[in-house]
Each structure stands twice: as structure tokens, then as C-alpha cells.
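J.: Show me how the following folds:
(chains A, B, C and D)
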There are 4 protein chains.
Amino acid sequence: MRAAVLEEFSRPLVIREFDRPPLGPRQILVRMRAAGVCGSDIHMWHGHDPRTPLPIILGHEGVGQVVEVGKSIHPFLSVTGREINPGDRIIWERGVTCGHCYSCAIRQTPNLCPNRWVYGIHRPSSAPPHLVGCYGDHIVLEPNTIVMHLDDYKGPSDALLASTSCSGATAANAIEAAGIQPGDTVLVQGSGPLGLYLMAFARAGGASTVIVVGGSPDSLALAKRLGANLTISYRDTTPDDRADAVRNAAPHGVDTVLESSGKPESISEGISVLRTGGAYVSTGFAVPVGTLPLDPYYDIVRKNLRLQGVWTSHARHLRHALSLVCRNPEPFEGIVTHKFSLDQATDALQAMESRKAIKSAIIMGDS
Amino acid sequence: MRAAVLEEFSRPLVIREFDRPPLGPRQILVRMRAAGVCGSDIHMWHGHDPRTPLPIILGHEGVGQVVEVGKSIHPFLSVTGREINPGDRIIWERGVTCGHCYSCAIRQTPNLCPNRWVYGIHRPSSAPPHLVGCYGDHIVLEPNTIVMHLDDYKGPSDALLASTSCSGATAANAIEAAGIQPGDTVLVQGSGPLGLYLMAFARAGGASTVIVVGGSPDSLALAKRLGANLTISYRDTTPDDRADAVRNAAPHGVDTVLESSGKPESISEGISVLRTGGAYVSTGFAVPVGTLPLDPYYDIVRKNLRLQGVWTSHARHLRHALSLVCRNPEPFEGIVTHKFSLDQATDALQAMESRKAIKSAIIMGDS
Amino acid sequence: MRAAVLEEFSRPLVIREFDRPPLGPRQILVRMRAAGVCGSDIHMWHGHDPRTPLPIILGHEGVGQVVEVGKSIHPFLSVTGREINPGDRIIWERGVTCGHCYSCAIRQTPNLCPNRWVYGIHRPSSAPPHLVGCYGDHIVLEPNTIVMHLDDYKGPSDALLASTSCSGATAANAIEAAGIQPGDTVLVQGSGPLGLYLMAFARAGGASTVIVVGGSPDSLALAKRLGANLTISYRDTTPDDRADAVRNAAPHGVDTVLESSGKPESISEGISVLRTGGAYVSTGFAVPVGTLPLDPYYDIVRKNLRLQGVWTSHARHLRHALSLVCRNPEPFEGIVTHKFSLDQATDALQAMESRKAIKSAIIMGDS
Amino acid sequence: MRAAVLEEFSRPLVIREFDRPPLGPRQILVRMRAAGVCGSDIHMWHGHDPRTPLPIILGHEGVGQVVEVGKSIHPFLSVTGREINPGDRIIWERGVTCGHCYSCAIRQTPNLCPNRWVYGIHRPSSAPPHLVGCYGDHIVLEPNTIVMHLDDYKGPSDALLASTSCSGATAANAIEAAGIQPGDTVLVQGSGPLGLYLMAFARAGGASTVIVVGGSPDSLALAKRLGANLTISYRDTTPDDRADAVRNAAPHGVDTVLESSGKPESISEGISVLRTGGAYVSTGFAVPVGTLPLDPYYDIVRKNLRLQGVWTSHARHLRHALSLVCRNPEPFEGIVTHKFSLDQATDALQAMESRKAIKSAIIMGDS
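T.: The predicted structure follows:
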């Protein structure tokens, strides 16, 4: 069994061989079909994310096919109660949570569980079962992983399905937090994978007008295909230009801003076009970026603002994302612009880093 | 180690000795301090609950003191993240749920988990670890049990704390479902432990007027002490008398009815006094009682009725109940009217069955 | 000015001439463009609705063009704050509410206002301003009517827009009450205009699987075009057939049932296929139909059922309906199957009564 | 009829005589019994609030007794549907809203209505009906004012009831926005009237631990009587002292911070002690105070923060405040520390400005 291992920060990943791991009760050995490359993989590659152990198999977005389920008197059941068996195509919640802490047991927000760990992020490949990231031909899932059968989600390609694990699910969490009503006007800041999911899900959630402020012409063109009513190039406009364009498209104010740009200045720009009583939902700050000034009278109290940070997602949001992508997969397929083999895993990272790709994926395909 | 075992339906419980069980990783051996007797224990005693395996140690409401925690590299943490250690006084969520099904993982309603099992209800004492009910001097808690430290909940007696496990927590679930606003008028049907918790929590939740229709004079007197504004004897009144009394106390209609009576006729009686747009929240039907007639035009659509059934509870509701009881424990202590030793466990059941007790408890006390 | 007046129950409407009414401050004289015929118009025609005064101009669904706004120092503003001026194409909330009662001011549920009155339902044509229903070439709107500009809702025909006033908005209210999540399975009972809006809005709200049980083949074919995944003919199946078909399409249960059939037996049929924790939302009982049996243990408490009646709608729901219809008007146009002139108003009623039409409309068209 | 008129900013109010105003249909002439002095009255006195017209009768918090209701065929009904008649003791929603705008009709947030005007804030005494503020022996209420009978709210003094109109109702709005659950830990910043209401209502709403950071020893002592578990003097501590004290009292983090201090530095101080997933609800910034730095990664996204601004309140919140104050009026009476006659209105302002008073009131008393 082979995996691309990050052994030294900022250096090419190294393909290593692993023995087939023995399975404990209800562990699942999965043959990977596709892994998504997430922006945070780039941060980890360069050692900018303090969580990163070495050596590590990166990759927290994936889909695959069950090879074997560790023996147990209790079957392993998917979220819909069907037994997981060899041959099943599956996807899984990337975060494993404890179930017994304040966030899990009392607040029903497992994404905030302090004991949460994520495949491809928290565990090194040096300890058994070793295969704990998606950049490999196999992965071992732990018994308390939440698993879904992919035959409930027909239509999308493996690569697109993989990308719902993190980008799609996080967007779904933000959309749920936003509470969009039919007829609303929504401004999305950023046109990377997260921004594209946000805008498409805002449309699916009933927004009548979705405006996207983003970067590359390709991603803005894709935003249009995913239903954006207006796209604005961040590169070719001043803040005043953008505010004018938004006010023109939303004369009585924006109901909700969904931020995925990771730029601090986006926040005041977004708040300035929000109507009184509107919501600003922020998901794009994955690493520290310093501070920004907010005016507590004009921006917050007088505006009755709701500013909501959104951190990761959990299984409910993965289901939301899968469901929404399946309704009309075709335009969503445009999100994964570049596909690589496992041996090209470093190229997959570079395609994202250089912003040539909106999103890249590693395809292992059928066995 | 000793426990009162139900070996034959409707016969006295038998005190049996058990060896101290060996503990697996993160199992907890607890010395019981008090166990509550719940109405459903009476049903199980008589074999009216089809879930009941034999032999069984009844008792799903309990508090105790930790004796030992099964060795593991991971400590056992309470919901607030503190390690569980020998000597700690604890309470626990009575239901153990899977964490991976549609109810647990997608809907965040673990009380509806199809794999949920409850101490003292689902597992026989014939299989290890044997001590899986509260009617004993010790109990063994499984690793996926949700545990709370009782030094966060100071004031109430052990018996009162135990009674929050099921009666209190189920009432808290119903109160959450009801969505009471400050100033509301609430009608509570039934004055057993569940009804008393419902009325006290409705008051704590902001209801300005709480009316209780109940049975025994003792329980109605206690309802008054817990804050009821008006009590009505079910025994001494006709349905018309009750409707008149309620309409007199709530001239523009009742906002919410909370049912705990288990009487089918309560439903139409309650709906008839609800205002348009009101809610009827039903928790009291623990066993089948046949059907009742509802009028879909007058009772449901024209009234914009919300009729909400509430089944059991989960850890969030246990915390709610504990918190509310601690605010002013004194009147709540009146709910547990009769206390017995473990050897008198059958007497404890009989006191509930004969309705001499509002609630009875078994006290093991300090070791 | 001409209107079709109901002067005697069950007799043909009579075309009567009216003088142009003098306008008080902020009253609006509107030239009608289209009026929808609602099922409740049939009930009123036959005197089955006790609210009906005689003589009356029926019609509570309409769109039109402003002729004149009664002089006032304050302009008449639409919900988005734009001034209403002659020539504007508008739609309006059919219900006028007081703003100061418990339902309006405290509960924010103006559709439940006890002082609510509706154009074409509550006021006779014998008192000024006479023109208070939509079956005429003009209508007079009162100053406290909530008005929307139709140039915010481009695409649909006048007849389709008119039908959102009641059928569409009531469906939108039910959908809001239902709280559908992406991925849910929804069963819609009934395939009249309300049922078709319910199913289309459930799809728009994220439901992955929508099953419709309905009557005429034409309406079921339209349901398919509006996105239904499965349609079941009520006429050609037994209750067991239907339950089997639903369970086959929804193996782990239906999340939400939306009732618009007006048949009492639908309720138990729907509850039987709901998952534990599901919701049954009922809107279809517009007139008394007697009672039905419910089982409080199995149907309500054990199932943690939410049974929600929905009565009418308010301006928020009209906006929701308009927004959703505008996203893809083409299939919705199929709801209005028959169009008539004002002189044929009685024919329009008969087309609905005979069920030849899914929905009929009266078209006044451009002036 | 006499009123204290602000004719020149920062100068003493002048007592002026007014003729008894003729009443239009459904206008109400009220004999004032008590008026509360709000912090914003001080801002207006000094011309710091740009809304302030001159001359003006200040005072937006009041209770009084009906003298006369302007003749109309429709009676004036209170929110519970009872007719308003001479002699009735009443309170009223201070804001009058349009009912037809996006905030009123679509979002059900009338407090954000752009057409909202408030007695004692927006209208000058130079235009009929002149008596449009509470600092007078009479006031004229407009027909679209929301009115409540005070015999539904027995117990509190006139002065205390008056203070619920703005301070109490705004606190109730913040509490509703906060969504406190039983058992939560709440930090209240500020111990003026708003802070005291916030902390008392947080306790009433189920918070188990309420910590108050405030100014004067008197107000902190009152906080204790209203149920605060811990009070911290802002004057005698450093930010680090306060953070330590809060962390000691709330080892796993504060669930909700309620800000009423008006100090920008409070925001980062509050966010730093919030648990992940907590809420910061801000109401205290009544005037511009410049900007403060927020860190979008640490403070917002990583913390999954909800930062909610709260602007004013509406009738629902007034009812909540009245209901909660009536449950145990005695400690709330301590909020109004200084009482004055109408002739001493300027002294009432000065007592607030000098912070000698927690809150002052003008008492007109029985006629």
C-alpha cells in the first residue's frame, strides 16, 4: 500500500510503501478513489499550521471503496442505518469527535469538540494504523467515524464528492448559520472553492440575488454558471467601485454577507453594504492575519449586526453539501479544475499554491 | 456487591450478591448513593413494557460516587472536561447512544437514536458486567456514558438529584420544545413528578401564569409551593368546570399546554383552551392507551396548532434540569416523598404504584 | 367600472357597474390585470363559508396597475421603501391586519390577527369603497395594505403572480413551518394548486426526495415537471399500496409530510410513514370535515411527532412565494390551466368546481 | 397642562403651559404618573444626539392613566384585546412603527423600521398635538401606538414600570437574542440600569452563574440583590485581574457576554473569556466612540463567535420586561434610586449625569 508522505516541510512529498494494516474491531480499510487538495494542505505543507505532526499523510477530503471491516459482533452502520460492507463506495465525516464533552453532548456542536481530530491533519503516519490521511491508495477509518454510502448521492464525480468533505461541508455550515430566506440578497466575498460553494448553496437556499466579489476571471465565470447574478473582480476595482456596484444591485441593502476571502478588509467592506439587521458570516480566516478596526456604534449596535464566525463543519453539513451538489452536479464539476495521480501529489499541491487551479484533486480511481 | 433483582414479573425483587466486576478500559465502578423510582419501573415490574429482559436490575435514575475507573491511556472526562477520579460524586445521562446514526449524527437528537439503551431498562443482569441498573449498591458505567460532576450542582439531596435523571430531564426537554416566552400562560396537565417538574420549569422559564390540573391534594399543594398560580383538582371537577376555570384565569387563551397526565381526554381538553397559534406539548403517554378524536379543521389548521410529542431526553436536558433544581432546591425536595433502603426496594415500587408517594427513592447513602 | 358580484349563493355572478370611487388619503385605485380563483371562492359562492357577506365581489388573489394614490403628505411606500405611483404594476398582501393585537404586536404572527380582514372575503360591495374584491376591473386598496412592486419579480405571467397571493403564500408559510433541511425526504399529500406549490417549494428548499400523492393525472404530470421524484395516484391505489411505495422510496422514513388534501384519513396515513422525530404540517383543511382518530402513544409521544397546523400566511410568505416562482417560472405556469375574461367569472368558478382546471384565473390584461 | 420643555441645549428645562389638545379619532390623552430618565435623555439634553428637534418635551419611558380616547367607531384595544377606557392605567411601546416596510412586514423586526419614531425623541413640542414626550403631566398617544393595561402587571411602582419601557425592554431584546440556556454562565459588562436589567433577566432566563463587571459600589451591591453570583469592580481592577476572576468563576469559559458598558475595550475583554461557540451581545453603544481592533482569526472564526448588536426593542420585549419585573419587584425597585417632581426635571437629569443616581424618575403620581 502506497501513500504520499510529508516528511519535511516545503519539500516534495515522498511516496512510501506500507504493509496492509491489521484491523481492530470495526476499523475499516478503504481503497481511496479520490482525494481533494484543500487550501489548508498548503499551509501544512509549509509548516504554517502548528497542528502538523511529521511524518504525515496529508488529505482530509476523500472518497473510497470499502475493502474490509474489522470483525465485531456489532455491524458498522452508516448514518442511514445500512451495514457497511466490502465493495461499498463511501464518504465520511473528516472529523472524529468524542461525543462526551460540552460541545458534543450539551451544545450539539461537535465541530467545536476540543477532542476532535481530523484524518490527514492531526495524526502522524509513524504510529499505527499509519494510513490516516487521504493522499494514499488506502486509508484506515476508526470505529467512531461517521460514514455515508455514496449510492445515496449519485451523479457527481469522485473528485467533486471528495471536495464536499471540507470545502462543501464548511460552506453548508455557514449557510445554515446565515439563515437565508427566499428572496434575500447575498454578497459572497472570495471565489475559491469555499466561495463557490457558498454562492451556489446560497442560491439553492433561496437567495434571489447573489453577488460574488472574487479574484480570477475563471472562478468568476464559474460563479456565473453556478447561478451568481453579478460578479465583481476584486483585482480591477477599488473598494468604492465595489460598494457602488453592490448598492446598485441591492438598493435596500444586502441581507447577508458570506466571507471566504481571508482578507481582513473584507469585513468592513461587507458590513458597510449590509442592511440594518443583516448578518455577516465569516469562514475564510484559516490562519492569523492580524486585526481590523470595527466601530461598535455604527457597525454593530446601530446596525443590529450579527457577525458570526464559522469553524469547520460536522456530519450534518456534509450531508447538506452532498445533497445540494447532487441536484445539478454539472456546474459544480468545474470547481475541480486539475486532477493528478498519487505520484503527482506534490504537483497537486503546487497547482493550488500557484492559484492555477481553483481546486486540484488526486485521483486513484477504480481498483 | 448487592442489588435488587427483578427475576419474575409482579413478584418482589430479590436481593442478590455479585462479585466485584473487573473493569475494562474507561469503565467506571460507582458506589450508588440514591436511585429514583420512576413510573415506568412499575410498568416494567409487571412486564407491561415489552423491552424488559429478565433477570434485570431496575433503576435508571441514580447518583453515586466513583470507586474506580478502568485503566486507559485516555482519562475519562466529564462534560466540562474534568477528569473523573475515585471519590467524585457524579450523575450520568441514563441513555447511551451510538453517535453515528441519523438521529445522533445528522439531526442532533440522540434521545431518538434507534441504538439507544438505558441503564436499568434494556440490559439483563445475567450478562457482564451485571451491575447495569440503579437498584444496587454499585453500578458499572460504560465508557461512552456522559458523566457530570455533582459538585457543579450543589444544594439538592441525592434523592432529588437522582430524580432529575429521567423525570426532570424529560420535563426539561418538553420545556425546550415548548419555547415559552416571558409573560406566557401555561397549563400543565398532571401533577406527578413529571407534571411538577414541568410546572416548576415553566415558571423558571418565564411563564407568568401556570395552571396545574392534577390529582392528589398533596401534589397540588406542592405545585403551589413550586410556584403554580392556580391548581385545579381533576377529581372534583367536570371538563366544563376546568375549562371555565382556565378561561377565567387566561382570558385571551393559554399559550402552551404541557401534558403529563397520560389521559387521552386531556388532549382535546387542552386544545380547547389554547389560543390560536398555541402549542400542545405531550410527554405523558408512556404506554399505549388507544386513540382519541381530533378535528383537523377546528383543532389543527384553523387554530394553527403545534402538537409536539416529546420522547425521553438527553444530556442537555439533564443539565437543564440540574441547573434549575439547584436555583432553589427546597420546594423540589417535596417531590421525593418516600425514601427506602435497598432491602426495601419492593416497598419503594409499591409506594409509587399505590400513589401514596409522589415519588419514592432508594437511599444507599454514604459508604 | 365593472365587477362580477355574488348577490345570491350558488347563482351566477352578476356584472355590475360602479362609479369611480373618491379616494381618501393613501387609498390606491388599482386597475386589475389578473385575479386567481381559489378553492375557497367555491365555498363562498355556495354560502358554505360563514364569513361571506352579500353582495360581495369575490377574489383575494390579484395583481394590477396603479391608477391613482389618494393624496397625503406621506407617500405610500412599498415594502422595499419605494414610492407607489400611477402606472406601477403591483401585488399586495391579501390580508389587512391591525398591528396592535397580541398576534401582531407580541407574537409577530399577523396571519393570526383576530382583526384581520381579506379583500374578496370579508367586506361587502354594498359599502364604500365598494370595489374590495379582485373579480373586477378595478380594486381600491386601503392605506394599511402591504404592497410590493412587481418589477422586482420579473418573469411570471400576471395569472401566475396572482396565484401566489394565497396558494403560493400559504404554501410558503407551511414550508417555513416545516423547516426542511437539504437532503430531506418530503411527502406531499394533494396535488391541487396548494400541493403543487408545496412540492415545488420543498424542492427549492433543499428536499432531495419529494413524493406526491395526488388526484388527476394532469396534476401529477405537472408535479413531475416541478421536480417531484415520485408521484402516486390516490385514485388507483390502496392505503397499503401508497405506504409501500413511500417506504420503498424512503427506506429510513419520511422527514416531513406536507398535507394539502383536505382528507382526514391523510393524517394517519402520513404519520405512519414519518420517521421518529418527523413533522406533519397540515394546511389543507379549509372547512370542517369531522374528526379522525390519533393514537397519543404510538403516533405522538413515541414518535416525538410535531403536528403543525398552518392557517393562511402573511407578507413574508408572499415574498417567499414570489421569489421562488421567479427562479424558474416556466413549470409553475402550468398551475393556471384555464383563463377567462371578467364576463366569464362564473365559468372560472365552475372550471375549478368541476376539477377540470387545476387553477383558473380571470384575466383583465393591459388597459 | 404643564410640561418640562428643552428649548436650548444644556440649559435647564423650562416648565411651559399647554392647552388641552383636541383629540382626533383614537388618539389618547393620558395623565402621566411617572416618567423614567434614560441615559440618552442626557445626550439629547446636550445636543449630542443628532435626532433632537427643539423645542422638545423629553421622556420616552412613562406610565399614566387614560383621561380620554378620541371618538371613533372602532374602540382602541390593548394588546390583549381589551378596550382602552378613561381611568385605565396603561403603559405603551415607546416606538411607533409603520407596519409596511421591509423590517416591519417582512422581517418582523419593527424596532429596525426606518420610519419608527419615539415619544420624547423625534417630535418637537412646537407642532400639534404638542404633548409628545413623557416629561409632562399629560401626553397624547397616537392611534397606532401599542398599549398595555397595567392591571396585568401588578406589584411594581409607577417609576419602576416606567423604566421597563426602554431600559427593561432593550435588555429583554438582548436576552432574547442571546438565547441563554439553563445552566449557562453569563458575564454582564456595565452595572447601570441596562446592565442591571440584563443581569436580572439572564438569571430569570436560567443562567446559573452571572458575573457583573461594573462601576459604583451601590450598583454592584444591587446586582448582588438581583441575583449576581459574582461582582467585579471595574474601578479597582486591571483587565488581567478581571480576566482571572472570570476564568476562576467560569473554568470552561463564559457562554454569553452581555455588554452595556459603552466602553470599546469591553469587547475584546469579553471575547477573550468566551468559550468557543459563545455569543457576545452588545447593547451599550448609544453614541459613536471610535473603533476597536478585532482579530478575525482568533476572535471570530476560530472561536466560532457570534457577535450580535442589539438596537432598541419592540412591544414583545416590553411585555417580557414587564412580566419578569412583576415576578419579584422588590429588588428591581432599587434601580430607581432618585425621584423628582415635574418641576425638578432638570435635577432628575443632573442626578443621572453626575452618576449619583443609578436611575432617576419624575413622579407625577395620582391625580
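
J.: use CA for all of it now, contacts and neighbours both
T.: Noted.

J.: Please enumerate the strands of the stretch 101-250 of chain A.
T.: Using DSSP state E, counting those that start in this stretch, the strands of the stretch 101-250 of chain A run over residues A:117-118, A:138-141, A:147-149, A:185-189, A:209-214, A:230-233.

J.: Now tabulate the ones you listed in CSV and tack on mean pLDDT.
T.: CSV is the format used below for the strands of the stretch 101-250 of chain A (pLDDT from 0 to 100):
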stretch, mean pLDDT
strand A:117-118, 98
strand A:138-141, 98
strand A:147-149, 98
strand A:185-189, 98
strand A:209-214, 98
strand A:230-233, 98
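
J.: quick one, which of those strands is nearest to chain B?
T.: With Cα to the nearest Cα, the closest approach to chain B among these belongs to strand A:147-149: 7.8 Å.

J.: before we move on, back to that, nearest to chain C among the strands of the stretch 101-250 of chain A would be which one?
T.: Between the strands of the stretch 101-250 of chain A, strand A:209-214 lies closest to chain C; by Cα to the nearest Cα that is 10.0 Å.

J.: which residues sit in contact with A:I358?
T.: By Cα atoms under 8 Å, 6 or more residues apart in numbering or on different chains, A:I358 lies in contact with A:192-193, A:219, A:335-338, A:352.

J.: so the residue of the stretch 201-350 of chain A found nearest chain B, which of the three states?
T.: Per Cα to the nearest Cα, A:R316 is where the stretch 201-350 of chain A lies closest to chain B, at 4.4 Å. Secondary structure assignment for A:R316 (DSSP: H, G, I helix; E, B strand; the rest coil): helix.

J.: That one: neighbour count?
T.: By other Cα atoms under 10 Å in any protein chain shown, the residues close to A:R316 number 21.

J.: Now do the same contact list for it.
T.: Contacts were defined as Cα under 8 Å, 6+ apart; by that measure A:R316 touches B:105-107.

J.: Same check on A:C134?
T.: A:32, A:35, A:57-62, A:119-120.

J.: For the stretch 1-150 of chain A, give the residue positioned nearest to chain D.
T.: A:L112 (6.9 Å).

J.: Apart from its neighbours in sequence, what residue is nearest that residue?
T.: For A:L112, ignoring the flanking residues on the chain, the nearest one in space by Cα to Cα, 6 or more residues apart in numbering or on different chains is A:S103 at 5.9 Å.

J.: List the contacts of the one you found.
T.: Counting by Cα under 8 Å, 6+ apart, A:S103 touches A:109-114.

J.: Tell me the spacing between the residue most central in space within chain A and chain B.
T.: By Cα atoms, centre = their mean, chain A has its centre lying nearest to A:S167, at 1.7 Å. To chain B, A:S167 is 18 Å away according to Cα to the nearest Cα, to the nearest Å.

J.: would you say A:L23 is within a strand?
T.: No - applying three-state DSSP, one finds A:L23 to be coil, outside a strand.

J.: who's in contact with it?
T.: Shown in contact with A:L23 (Cα under 8 Å, 6+ apart): A:29, A:69-71.

J.: Buried ones among those?
T.: Neighbour-count burial (16 or more other Cα atoms under 10 Å in any protein chain shown) applied to the contacts of A:L23 gives A:29, A:69-70.

J.: hmm, back to that, per-residue confidence at the residue of the stretch 201-350 of chain A closest to chain B?
T.: Model confidence at A:R316, given as pLDDT, is 98.

J.: C-terminal to the helix or strand where A:V5 lies, what's the next element?
T.: Using DSSP states H and E, A:V5 sits in strand A:2-5. Elements were assigned by DSSP H and E; along the chain past strand A:2-5, the next helix or strand is strand A:14-17.

J.: Could you export the next helix or strand along the chain from that following strand as PDB, CA atoms only?
T.: Note on strand A:14-17: by DSSP H and E, the next helix or strand toward the C-terminus is strand A:28-36. Extracted as PDB, the C-alpha positions of strand A:28-36 are listed here (Å, rounded to 0.1, in the frame of the first residue of the first chain):
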ATOM      1  CA  ILE A  28     -12.500   0.000   8.000                       C
ATOM      2  CA  LEU A  29      -9.800  -0.400   5.400                       C
ATOM      3  CA  VAL A  30     -10.800   1.700   2.400                       C
ATOM      4  CA  ARG A  31      -9.300   1.800  -1.100                       C
ATOM      5  CA  MET A  32      -9.200   5.500  -1.900                       C
ATOM      6  CA  ARG A  33     -10.800   6.700  -5.200                       C
ATOM      7  CA  ALA A  34     -10.100  10.400  -5.000                       C
ATOM      8  CA  ALA A  35      -8.700  12.900  -2.500                       C
ATOM      9  CA  GLY A  36      -9.300  16.700  -2.600                       C
END
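
J.: What strands line up against strand A:28-36, and which way round?
T.: Sheet pairing of strand A:28-36 (DSSP bridges) gives strand A:61-69 (antiparallel), strand A:138-141 (antiparallel), strand A:360-363 (antiparallel).

J.: got a list of contacts for the helix or strand that it is followed by?
T.: Sequence-wise, the next helix or strand downstream of strand A:28-36 (DSSP H and E) is helix A:39-45. Contacts of helix A:39-45 with the rest of the structure, by Cα under 8 Å, 6+ apart, involve A:6, A:9-11, A:49, A:52, A:58-59, A:286, A:349, A:352-353.

J.: Flag whichever of these scores worst on pLDDT.
T.: Comparing those by pLDDT, A:D49 comes last, at 86.

J.: Please report how far that one lies from C:V336.
T.: 59 Å (Cα to Cα, to the nearest Å).

J.: out of the two, which sits in the busier spot?
T.: Neighbours per residue, other Cα under 10 Å: of A:D49 and C:V336, the larger number sits with C:V336, 20 against 16.

J.: how deep is the nearest residue to that one once chain neighbours are set aside tucked in, by neighbour count?
T.: Closest residue to C:V336 apart from its sequence neighbours, by Cα to Cα, 6+ apart: C:K359 at 4.7 Å. Counted by other Cα under 10 Å, the residues lying close to C:K359 total 28.

J.: what sits against the nearest residue to A:P21 once chain neighbours are set aside?
T.: Sequence neighbours aside, A:P129 is the residue nearest to A:P21 in space, at 6.1 Å (criterion: Cα to Cα, 6+ apart). Applying Cα under 8 Å, 6+ apart to A:P129 gives the contacts A:21-22, A:140.
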